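Trainee: kindly return the folded structure for what I paste below:
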Amino acid sequence: FVGLSVPLSMFLAFIMLPLFGFSLNMIVLFAFLLALGIVVDDAIVVIENTHRLLHEHPNLSTAKAAKFAAGEVFIPVLAGTLTTVAPFVPLMFWPGIVGSFMFYLPVTLILTLGASLIVAFVMNPVFAVSFMEREEHLDRVEKPQLTRNFLLGMGGLLLVAIGGYLSGSTFVGNLMITIIVLCFLDKYVFVYMIAGFQRSLLPRLQNGYARLVELAVGGTVWRQGAIIGGLLVLFVLSIMAVGARKPKVDFFPSGDPKFIYTYLRMPVGTRVEVTDSITRILENRVYKVIGRNNPDVESVITNVAIGAGDPTEATAAGTSQSHLGKVGVAFKELSEQKGPATHIYMDKIREEVKGIPGAEVSVDQEASGPPQGKAVAIEVSGDDYPKLAALSKKVERYVDSLKIGGIEDLRSDLQDRNPEIGVSINRTRANREGISTAQIGGEVRTAIYGFEASKFKTP
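Mentor: Reported below is the predicted structural model:
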């Protein structure tokens with residue numbers, strides 16, 4: 001009965017998900033996984049209480065035992081479920097992009113835990129009335145016997161396993177063999193182990209726990225006060241310990257990066273040849289840090305113009321941008337690395353690529369998790385663009401002058417130096433020649449950025 005509460009609770013919650021417009025995504029699956037060990041608590045309490053009443057009161061019917069058991073523990077189980085739900089409720093009001101990303105988690109958990117209450121107090125009592133019976137001689141273990149049905153079942157599983165091996169499906173064969181082994185272990189080994197545990201170890205654990213509880217609640221008022229005072233002192237000390245040494249908080253821990261990217265941004269309109277020459281300088285400096293024959297490095301890939309933008313920025317589309325360059329270093333898997341940690345390389349690269357005149361260089365690692373902004377963002381807003389541009393530069397210089405520890409990459413997204421060339425179109429002549437403004441714009445772009453005619457691969 002307890003085991004059935006897990007799939008039933010998941011099933012009820014799964015039915016209600018479309019009402020909230022939820023799809024079956026990774027966050028929803030993680031919420032189900034997180035609730036997997038919680039949903040059985042309510043069912044355990046109800047079924048165990050029904051079993052207790054049924055065996056402590058011989059004249060009580062199973063239906064009345066289930067009714068009294070569910071009513072007896074309803075308030076405690078409801079309170080326990082609500083205390084479990086309470087920490088997840090604030091997550092529903094998490095603002096921003098991360099809040100939208102995490103909204104699925106608390107809602108799915110609340111639905112699943114609510115479904116577990118329905119299963120525990122509505123469905124499990126019905127199962128108990130239908131299938132639960134009084135058990136006599138619980139302390140006696142009967143000698144297992146090979147019955148005809150058991151042998152037929154094992155023979156059928158063995159035939160399926162042989163068929164799986166012959167057809168090349170080793171998974172089916174291994175699964176059937178595993179089930180056969182577990183069935184024999186359950187019949188001839190586990191039954192004695194469980195009986196030994198229930199007869200010897202479990203009573204000792206129960207008696208020890210009973211003595212501990214009696215020591216805590218059955219003593220004098222001074223002893224009870226000392227226990228409560230000790231708990232309060234431990235609670236205060238734990239809060240002070242956290243406050244004294246604040247743990248580092250990361251929404252998505254970065255760890256040692258597998259990819260390190262060095263981004264180059266030149267003034268908009270820079271010729272691709274100039275960007276390429278500066279990117280080669282960056283590439284040589286990166287090689288100076290990691291070494292050209294580093295066994296921990298899998299590859300070093302350099303991009304200029306195409307695929308050179310930062311994927312976290314809006315300018316990272318697949319279009320050609322002649323003022324952008326990127327040097328990417330891919331490391332081997334952590335288990336295969338023998339040198340220093342990769343974050344050490346990133347810090348050294350960040351120091352090595354400084355000091356290139358006219359170039360804006362940043363070093364970063366691959367992004368993980370949902371799209372996020374920077375850890376600290378200062379937003380300047382208003383209607384007067386020239387004043388905003390001047391104020392933005394002033395704020396950037398001020399923050400840079402503070403020399404705040406931990407700032408790795410201070411950048412402004414202000415773009416105020418984009419050169420422009422205005423092209424006036426003789427629309428009368430263009431219409432006479434049957435040429436649209438879009439075609440003219442495309443030809444101008446091709447003249448500046450070029451055009452990808454085709455792709456070919458060399459053997």
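
Trainee: and the gap between Val181 and Gly230?
Mentor: In this view, Val181 and Gly230 are 50 Å apart by C-beta to C-beta, to the nearest Å. C-betas here are computed from N, CA, C, even on glycine.

Trainee: ok, Val376 next?
Mentor: Applying C-beta to C-beta, the value for Val376 to Gly230 is 42 Å.

Trainee: element containing Thr262, please.
Mentor: Assigned by DSSP states H and E, Thr262 belongs to strand 259-265.

Trainee: which outside residues touch that strand?
Mentor: 275, 278-279, 282, 286, 308-310, 323-331, 342, 345-346, 349, 353, 359-366 (C-beta atoms under 8 Å, 6 or more residues apart in numbering).

Trainee: domain parsing for this protein?
Mentor: 2-131, 259-370 (automatic domain parsing).

Trainee: now the phi/psi pair for Gln365, please.
Mentor: The phi and psi torsions at Gln365 (degrees, to the nearest 10) take the values phi -110, psi 170.

Trainee: burial count for it?
Mentor: Gln365 has 17 neighbouring residues, counting by other C-beta atoms under 10 Å.

Trainee: ok, the nearest residue to it once chain neighbours are set aside - contacts?
Mentor: Take Gln365 and drop its neighbours on the chain: the residue closest to it by C-beta to C-beta, 6 or more residues apart in numbering is Pro257, 3.4 Å away. Taking C-beta under 8 Å, 6+ apart, we find Pro257 in contact with 331, 342-343, 346, 365-366.

Trainee: what distance do you get for Pro257 to Ala341?
Mentor: In this view, Pro257 and Ala341 are 10 Å apart by C-beta to C-beta.

Trainee: got it, and Arg280?
Mentor: In this view, Arg280 and Ala341 are 28 Å apart by C-beta to C-beta.

Trainee: same thing with Val268?
Mentor: In terms of C-beta to C-beta, Val268 sits 37 Å off from Ala341.

Trainee: which SSE is Val300 in?
Mentor: strand 297-304.

Trainee: which residues sit against that strand?
Mentor: Strand 297-304 is contacted from outside by 272, 275-276, 279-280, 283, 286-287, 290-291, 324-332, using C-beta under 8 Å, 6+ apart.

Trainee: quick one, it and strand 259-265 angle?
Mentor: 20 degrees (axes from the mean of the first three to the mean of the last three C-alpha atoms, to 10 degrees).

Trainee: within its sheet, name the partner strands of strand 297-304 and how each one runs.
Mentor: strand 324-331 (antiparallel) (DSSP bridges).

Trainee: send the alpha carbons of the strand it pairs with over as PDB?
Mentor: Once non-C-alpha atoms are left out, strand 324-331 reads as follows in PDB (Å, rounded to 0.1, in the frame of the first residue of the first chain):
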ATOM      1  CA  LEU A 324      34.900  40.700 -33.000                       C
ATOM      2  CA  GLY A 325      37.400  37.900 -32.300                       C
ATOM      3  CA  LYS A 326      37.500  34.900 -30.000                       C
ATOM      4  CA  VAL A 327      40.000  32.400 -28.800                       C
ATOM      5  CA  GLY A 328      38.500  29.300 -27.200                       C
ATOM      6  CA  VAL A 329      40.500  26.700 -25.200                       C
ATOM      7  CA  ALA A 330      38.900  23.300 -24.700                       C
ATOM      8  CA  PHE A 331      40.200  21.100 -21.900                       C
END
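
Trainee: give the buried residues for it.
Mentor: Going by neighbour count (16 or more other C-beta atoms under 10 Å), the buried part of strand 324-331 is 324-329, 331.

Trainee: contacts for that strand?
Mentor: Applying C-beta under 8 Å, 6+ apart, the external contacts of strand 324-331 come out as 257-266, 275-276, 278-279, 282-283, 286, 290, 296-305, 307-309, 315, 337, 342, 345, 349.

Trainee: do that again at 7 Å, thanks
Mentor: Outside strand 324-331, the residues that touch it by C-beta atoms under 7 Å, 6 or more residues apart in numbering are 258-265, 275, 278-279, 282-283, 286, 290, 296-305, 308-309, 337, 342.

Trainee: out of those, which are buried?
Mentor: Buried by 16+ other C-beta under 10 Å: 258-265, 275, 278-279, 282-283, 286, 290, 296-297, 300, 302-305, 308-309, 337, 342, out of these.

Trainee: which of the contacts of strand 259-265 fall in strands?
Mentor: Judged by DSSP state E, strands contain the following of these: 324-331, 360-365.

Trainee: which single one of those residues is nearest to Val77?
Mentor: Nearest to Val77 among these, counting by C-beta to C-beta, is Gln365 at 46.7 Å.

Trainee: and the gap between the residue lying closest to Arg411 once chain neighbours are set aside and Gly291?
Mentor: Nearest non-adjacent residue to Arg411, counting by C-beta to C-beta, 6+ apart: Ser362, 6.5 Å away. In this view, Ser362 and Gly291 are 22 Å apart by C-beta to C-beta.

Trainee: for Gln198, same thing?
Mentor: 63 Å.

Trainee: could I get the full set of helices for the stretch 251-400 of the chain?
Mentor: Per DSSP state H, counting those that start in this stretch, the stretch 251-400 of the chain carries helices over the ranges 272-290, 342-352, 385-402.

Trainee: dump those helices into JSON lines; add mean pLDDT and distance to Ile448 as well.
Mentor: As requested, the helices of the stretch 251-400 of the chain are exported to JSON lines (pLDDT from 0 to 100; distance: least, C-beta to C-beta, whole Å):
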{"stretch": "helix 272-290", "mean pLDDT": "93", "distance to Ile448": "10"}
{"stretch": "helix 342-352", "mean pLDDT": "90", "distance to Ile448": "32"}
{"stretch": "helix 385-402", "mean pLDDT": "85", "distance to Ile448": "26"}
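
Trainee: out of those helices, which gets nearest to Ala438?
Mentor: Comparing those under C-beta to C-beta, the one sitting nearest is helix 272-290, at 24.2 Å.

Trainee: how far does that closest one sit from its chain's centre?
Mentor: Using C-alpha atoms, centre = their mean, to the nearest Å, the mean C-alpha position of helix 272-290 is found 36 Å from that of the whole chain.

Trainee: shaky segments in the stretch 301-450 of the chain?
Mentor: Along the stretch 301-450 of the chain, segments meeting pLDDT under 70 span 312-319, 367-375, 406, 408-409, 415-419.

Trainee: sorry, back to before: got CSV for the helices of the stretch 251-400 of the chain, with distance to Leu234 too?
Mentor: Below are the helices of the stretch 251-400 of the chain laid out as CSV (distance: least, C-beta to C-beta, whole Å):
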stretch, distance to Leu234
helix 272-290, 48
helix 342-352, 36
helix 385-402, 40
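
Trainee: can you tell me which of the ones you listed is nearest to Val46?
Mentor: helix 342-352 (50.9 Å).

Trainee: what angle do strand 259-265 and the closest one make with each other?
Mentor: Going by the same axes, to 10 degrees, helix 342-352 makes 20 degrees with strand 259-265.

Trainee: and the angle for helix 342-352 with strand 360-365?
Mentor: 180 degrees.

Trainee: flag every buried residue along helix 342-352.
Mentor: For helix 342-352, a neighbour-count test (16+ other C-beta under 10 Å) marks 342, 345-346, 348-350, 352 as buried.
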